[in-house]
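1. Build me a model:
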Amino acid sequence: MTRGRLSSLTAACLLSASFAVAQNGIGPITTQVPHAKPDSGHPRTTIAPGYSLKVVARGSDPLENPSGTITTFGRLSDNTATEPDQNMYLVLDQNPGGPVRGFDYGRHFIYQGHENGGDLAYVTRVNLDIQDPAHRITLLTPLGADGLTGFNSIDGSTYDPFSRTLLFTQEAGSEGGVIQIRSSWPPTATTLDGIIGKAGYEGIHVDDEGNLLLIEDSGGVTVNVDPNDPNSPKVAKQPNSFIYRFVPYNPADLSQGGKLQALQVSVAGSPLTFHPLDPVGDVFSFKQVLLHTPGTSYPVQWVTVHDTAVDGTVSFDANSAAKTALATPLKRPENAAFFPGSQFLTFFVTVTGDTDSASGIVPALAKRGAWGSIFRVDLNADREAGSISLFVLGDSAHNSFDNITFADRTQLLTTEDRGNTLHSELSTLDSVWAYSINGSSTGLRFVALGRDTTSEVEGEDNEPTGVFVSSGGIHKQNMLGTGASLVNARGFLTQQHGNNVLFEVVKSESASHASGSSTEIR
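-> From the prediction side, this is the model:
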């Protein structure tokens, strides 16, 4: 694993941070789990010394307002796993209401989208102030008259303080898109396909001007790992996904339209772009080597791919539009996080890569991000242009980066999503890594994920997802991405698949000086 250098903007932000602010969040994380769990049996999940995982919800927990086949937190009535994914913790100013009129549902909530398909994906709200199982988990997207929700693969989520709505993404390729849900009861859901377009969106985040940062995860065409050997494994993916920004005309009302833009990176004096007729050339592009070289930095700018004032509000393919606009594709980027206190000028992006060791062990592919990578983007003051640089280049021990959040002002956390194939190939299950922003460490294994018996029986490995650290602020001054978002913050993590268990990360008073055994969780 290779580390990048610290930008001057990031360094300045760190130097200006007070000691008190730096200690908020759930960090600093100074200890680690020494080894990942083996891909055999059902080993227990282990978290670093000084921390523990408290169960918040299980997949078998009932919904207070079941709708047709949607009956529990993590399973349909026919036992189909619904895969609750990314977590969003919010602290609301008042009771948002619910199915029972007059009932106080509290102020502290976890919202989750569920990744199942069949037009039966849904959104739930875990009411953290409620212990009564009859009201603890609320369904926000009941079935329609056709017996379906009409949603699939709901993944990313964020709260928009400008429109005062919940935003969820559908990571469903060309059928994906953004869902907007009213936070008060009843939680009316609408899609924004004609405004933001359809794509395999995953990460979604709001900046302090009301712009939306969106990360697309759409796997590209696979090619042989040795272009001169047609019998070599065909598992190297063509970079096919983009980083987007939506600039609304009216941040308080996204339905009024705006401009969808995509990030364009210039390498060696010209844009790095997608070539539909040459997937092999894209996979083995020398520009991809340069982009993934530690210590380098390349100029970026936003290019407009769709403007509702010009192109109208008919649903459109955002991925295709980004390619036409000569934006820069990456190899399955998954999510992003604004660096707290950077005035939303700096964000980090995780890229999963090929999730196959047959690609990763090829040196030419490894140095092009086959194991995954993390990039840092620093925007200029006008936010229209800036630079991108490599923060982490993955390897066989650290790879397949997915969800990302900041543990505090000094460290970020990122999960792995290796998938069953890579688990088996490397005989290793997923981890959650803590990386120092100043580049002083090669990463600390914060969580070594195990495998529950349900997952093992069903032939599906567990995955760490939804890692999220925030104070839950819903106002501009303490929204996610501000320094204030880490004050009195709480952390959450889901062990997806199998039992689909949602955990809260609990930090002991002496976590920063902890020693001794890691904490195992069944």
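2. So, low pLDDT: which residues of the stretch 201-350 of the chain?
-> Applying pLDDT under 70 to the stretch 201-350 of the chain flags no residue at all.
3. which stretches of it form strands?
-> For the stretch 201-350 of the chain, the strands defined by DSSP state E, counting those that start in this stretch occupy 201-206, 212-216, 222-223, 236-237, 243-248, 258-267, 270-271, 298-307, 333-338, 346-351.
4. out of the ones you listed, nearest to Gly483?
-> Smallest distance to Gly483 across the strands of the stretch 201-350 of the chain (Cβ to Cβ): 10.8 Å, for strand 333-338. Heads up, the C-betas are built off the backbone N, CA and C, glycines and all.
5. Sheet partners, orientation included, of that closest one?
-> Strand 333-338 pairs in its sheet with strand 346-351 (antiparallel), by DSSP bridges.
6. chain center to the strand it pairs with, what's the gap?
-> How far strand 346-351 lies from its chain's middle: 10 Å, per Cα atoms, centre = their mean, to the nearest Å.
7. Equivalent analysis for stretch 322-337, please.
-> How far stretch 322-337 lies from its chain's middle: 14 Å, per Cα atoms, centre = their mean.
8. Looking at strand pairing, list the partners for Arg490.
-> Beta-bridge partners of Arg490, counted by DSSP bridges, are Ser470.
9. follow-up on the earlier one: got CSV for the strands of the stretch 201-350 of the chain, with mean neighbour count too?
-> Listed next are the strands of the stretch 201-350 of the chain as CSV, based on neighbours: other Cβ atoms under 10 Å:
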stretch, mean neighbour count
strand 201-206, 26
strand 212-216, 26
strand 222-223, 20
strand 236-237, 28
strand 243-248, 24
strand 258-267, 22
strand 270-271, 13
strand 298-307, 19
strand 333-338, 26
strand 346-351, 26
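10. Next, count neighbours for Asp382.
-> Asp382 has 8 neighbours, counted by other Cβ atoms under 10 Å.
11. and it, backbone torsions?
-> phi -80, psi -10 (degrees, to the nearest 10).
12. check contacts around it.
-> By Cβ atoms under 8 Å, 6 or more residues apart in numbering, no residues touch Asp382.
13. now it: how far from Gln301?
-> Per Cβ to Cβ, to the nearest Å, Asp382 is found 11 Å from Gln301.
14. Tell me the buried residues in stretch 167-186?
-> Using 16 or more other Cβ atoms under 10 Å as the test for burial, stretch 167-186 gives 167-173, 176-183, 185.
15. Please state the offset of that stretch from the chain centre?
-> Remark: stretch 167-186 is offset 15 Å from the chain centroid, using Cα atoms, centre = their mean.
16. surely Ser183 meets Asn95?
-> No - Ser183 is beyond contact range of Asn95, at 11.5 Å (criterion: Cβ atoms under 8 Å).
17. any residues in contact with both of these two?
-> Joint contacts of Ser183 and Asn95 (Cβ under 8 Å, 6+ apart) do not exist.
18. how about the nearest residue to Arg58 once chain neighbours are set aside, what does it touch?
-> Here the nearest residue to Arg58 in space, its sequence neighbours aside, is Val501; by Cβ to Cβ, 6 or more residues apart in numbering that works out to 5.4 Å. Taking Cβ under 8 Å, 6+ apart, we find Val501 in contact with Val55, Ala57, Arg58, Gly59, Asp452, Thr494, Gln495.
19. Please identify which of those residues is nearest to Gly269.
-> Ranked by distance to Gly269 (Cβ to Cβ), the contacts of Val501 are led by Thr494 at 43.7 Å.
20. Give the bridge partners for the closest one, please.
-> Bridge pairing for Thr494 - DSSP bridges - gives Thr465, Leu502.
21. Let me see the contact set for it.
-> Contacts of Thr494 by Cβ under 8 Å, 6+ apart are Pro84, Asp85, Asn87, Gln112, Pro464, Thr465, Gly466, Asn500, Val501, Leu502, Phe503.
22. Report pLDDT for the closest residue to Asp61 other than its chain neighbours.
-> Computed as Cβ to Cβ, 6+ apart, the closest residue to Asp61 that is not its neighbour in sequence is Phe73, at 4.5 Å. Note on Phe73: pLDDT of 98.
23. The one 3 residues further on now?
-> According to the per-residue confidence, Leu76 scores 97 in pLDDT.
24. Is it correct that Gln86 falls within a strand?
-> Yes - using DSSP: H, G, I helix; E, B strand; the rest coil, the assignment for Gln86 is a strand.
25. can you tell me how far it sits from Leu493?
-> According to Cβ to Cβ, Gln86 and Leu493 sit 11 Å apart.
26. hey, what's in contact with both of these two?
-> Counting by Cβ under 8 Å, 6+ apart, the residues touching both Gln86 and Leu493 are Thr465, Gly466, Phe468.
27. Which one (most neighbours) among those residues?
-> The shared contacts of Gln86 and Leu493, ranked by neighbours (other Cβ under 10 Å): first place Thr465, 29 neighbours.
28. Please give me every residue in contact with that residue.
-> Asp85, Gln86, Asp402, Asn403, Thr415, Asp417, Leu493, Thr494, Gln496.
29. swap the cut-off to 6 Å and go again
-> Residues in contact with Thr465 (Cβ atoms under 6 Å, 6 or more residues apart in numbering) are Asp85, Asn403, Thr494, Gln496.
30. Going through the contacts of Val501, which ones are buried?
-> Buried members of those, scored by 16+ other Cβ under 10 Å, are Ala57, Gly59, Asp452, Thr494, Gln495.
31. what are the phi and psi angles of the residue lying closest to Phe503 once chain neighbours are set aside?
-> Spatial nearest neighbour of Phe503, excluding adjacent residues (Cβ to Cβ, 6+ apart): Leu53 at 4.0 Å. When read as degrees, to the nearest 10, the backbone of Leu53 gives phi -110, psi 120.
32. thinking again about what came up before, tabulate the contacts of Thr494 (a markdown table), appending distance to Tyr122 and pLDDT.
-> Below are the contacts of Thr494 laid out as a markdown table (distance: Cβ to Cβ, whole Å; pLDDT from 0 to 100):
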| residue | distance to Tyr122 | pLDDT |
| --- | --- | --- |
| Pro84 | 10 | 96 |
| Asp85 | 12 | 94 |
| Asn87 | 15 | 98 |
| Gln112 | 9 | 97 |
| Pro464 | 22 | 98 |
| Thr465 | 17 | 98 |
| Gly466 | 16 | 97 |
| Asn500 | 13 | 97 |
| Val501 | 18 | 98 |
| Leu502 | 15 | 98 |
| Phe503 | 21 | 98 |
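33. so which of these comes closest to Leu422?
-> Of all these, Pro464 has the smallest distance to Leu422: 14.1 Å, by Cβ to Cβ.
34. how far away is that closest one from Leu429?
-> Distance, Pro464 to Leu429, by Cβ to Cβ: 9 Å.
35. Common neighbours of those two, please.
-> In contact with both Pro464 and Leu429: Leu449, using Cβ under 6 Å, 6+ apart.
36. circling back: so the residue nearest to Phe503 touches Glu504, yeah?
-> No - applying Cβ atoms under 6 Å as the test, Leu53 and Glu504 come out as separate, 7.3 Å apart.
37. Looking at the buried ones among the contacts of Val501, spot the one nearest Phe344.
-> Of these, the one sitting nearest to Phe344 (Cβ to Cβ) turns out to be Thr494, at 26.4 Å.
38. That's all I had, so thanks and see you.
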